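Participant: Below are the sequence and a predicted model; questions follow.
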Amino acid sequence: MYPDYNNPQQTPPPYYGQSAVKTQTNSVMKRVYVRMTIGLLVSAFCALGVASSPAMLNIIFGNQFVMWGLIIAMFAMAILIPVRMMKMSSGTVLALFLVYSALMGTFLSAIFLAYKMSAIVATFFITAGTFGAMTVYGYFTKADLTKMGSFLMMALFGLIIAMLVNMFLHSSTMSYIISIVGVLIFTGLTAWDTQQVKQLSAANLDPVLADKLATMGAMNLYLDFINLFLFLLRIFGGNRD
């Protein structure tokens, strides 16, 4: 994906200077947060739109084929977009991210049936505060979060297995523990993903790749935000009753 600058046969990159690197990094990070925000807005509008339409709710959640088709489509896109990123134009990568956000919003419309609006709004602000604090930390910290990120990714796989097991056990205690662990994992991943995007944007000054990086960074942070929100909602949301 990236040139091997340690290869003596390869022409080294031109020296751009610290000012150019800083400008590039700031430019990419601004696009990351703008695109992430747009993705969240697309999801929010789609979720509200579907939740306000009994017909749409019935089509999506009243039909197992449609619901599982939606889940499989999101899963496939989450794999396809990063893998095929280098072979797609930056505009296509961004368009697919927005489509993914719309599908996610459609799927998340179910939360309006399970939780009160006041709980959803309160949890959103808690999520925004937590996410904001961790992404600021990830951006400005001088500490290397690589080891923490590797540990969190392994913990994430363990969390997914625990969630699958609990689908059969239906344990409320285990569900609560999973939610707490999920909050901790995605809180840490927010800082790690932020640092990863910042480091990559500083290491590459190619405009096309930088734009794709901005979209992929936005998608990663978008997923961190969504998962953090959902786990917090399971803890603080209660239910409609």
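Facilitator: Cool, the structure landed. Worth saying up front: this structure is predicted, and the values here are computed from it rather than measured.

Participant: so what does the top helix by length along the chain touch, helix or strand wise?
Facilitator: As assigned by DSSP state H, the longest helix anywhere in the chain is helix 17-51. Helix 17-51 sits against helix 54-61, helix 90-108, helix 111-114, helix 172-203, helix 207-236, with contacts defined as 3 or more CB pairs under 8 Å, 6 or more residues apart in numbering; DSSP states H and E. Every residue, glycine included, has its C-beta placed from N, CA and C.

Participant: how does it look with 6 Å?
Facilitator: helix 90-108, helix 172-203, helix 207-236 (3 or more CB pairs under 6 Å, 6 or more residues apart in numbering; DSSP states H and E).

Participant: In this structure, where is pLDDT below threshold?
Facilitator: 1-17, 204-205, 239-241 (pLDDT under 70).

Participant: can you list the helices and strands packed on helix 17-51 in TSV and add mean neighbour count and distance to Y33?
Facilitator: Shown next, in TSV, are those (neighbours: other CB atoms under 10 Å; distance: least, CB to CB, whole Å):
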stretch	mean neighbour count	distance to Y33
helix 90-108	19	14
helix 172-203	19	10
helix 207-236	21	7
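
Participant: closest one to K30 among those?
Facilitator: The minimum distance between K30 and the helices and strands packed on helix 17-51 falls on helix 207-236, with 8.3 Å, by CB to CB.

Participant: from the chain's centre, how far out does that closest one sit?
Facilitator: Helix 207-236 has its C-alpha centroid displaced from the chain centroid by 2 Å (CA atoms, centre = their mean, to the nearest Å).

Participant: What helices and strands are in contact with that helix?
Facilitator: On a contact count with 3+ CB pairs under 6 Å, 6+ apart, helix 207-236 meets helix 17-51, helix 90-108, helix 117-140, helix 172-203.

Participant: Just tell me which of those helices ends up closest to T215.
Facilitator: T215 sits nearest to helix 90-108 of all the helices and strands packed on helix 207-236, at 4.8 Å, using CB to CB.

Participant: now the angle between helix 117-140 and the closest one, please.
Facilitator: Computed by axes from the mean of the first three to the mean of the last three CA atoms, to 10 degrees, the angle separating helix 90-108 from helix 117-140 equals 150 degrees.

Participant: Need the residues that contact helix 90-108.
Facilitator: Helix 90-108 is contacted by residues 39, 42-43, 46-47, 50, 70, 74, 77, 81, 85, 208, 211-212, 215, 219 when judged by CB atoms under 6 Å, 6 or more residues apart in numbering.

Participant: State the pair within these that is farthest apart.
Facilitator: In terms of CB to CB, the contacts of helix 90-108 reach their longest pairwise distance at V50 and V208, which sit 34.9 Å apart.

Participant: Now do the buried residues in the host helix or strand of S150.
Facilitator: In this assignment (DSSP states H and E), S150 forms part of helix 146-169. Within helix 146-169, the residues that qualify as buried by neighbour count (16 or more other CB atoms under 10 Å) are 149, 152, 155-156, 159, 162, 166.

Participant: And for T130, the neighbour number?
Facilitator: T130 has 18 neighbours, counted by other CB atoms under 10 Å.

Participant: cool, and the one 3 residues further on?
Facilitator: Summarising burial for A133: neighbours were counted as other CB under 10 Å, giving 13.

Participant: Same list (the helices and strands packed on helix 17-51) but as a markdown table, adding distance to R31.
Facilitator: What follows is those, written out as a markdown table (distance: least, CB to CB, whole Å):
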| stretch | distance to R31 |
| --- | --- |
| helix 90-108 | 10 |
| helix 172-203 | 9 |
| helix 207-236 | 4 |
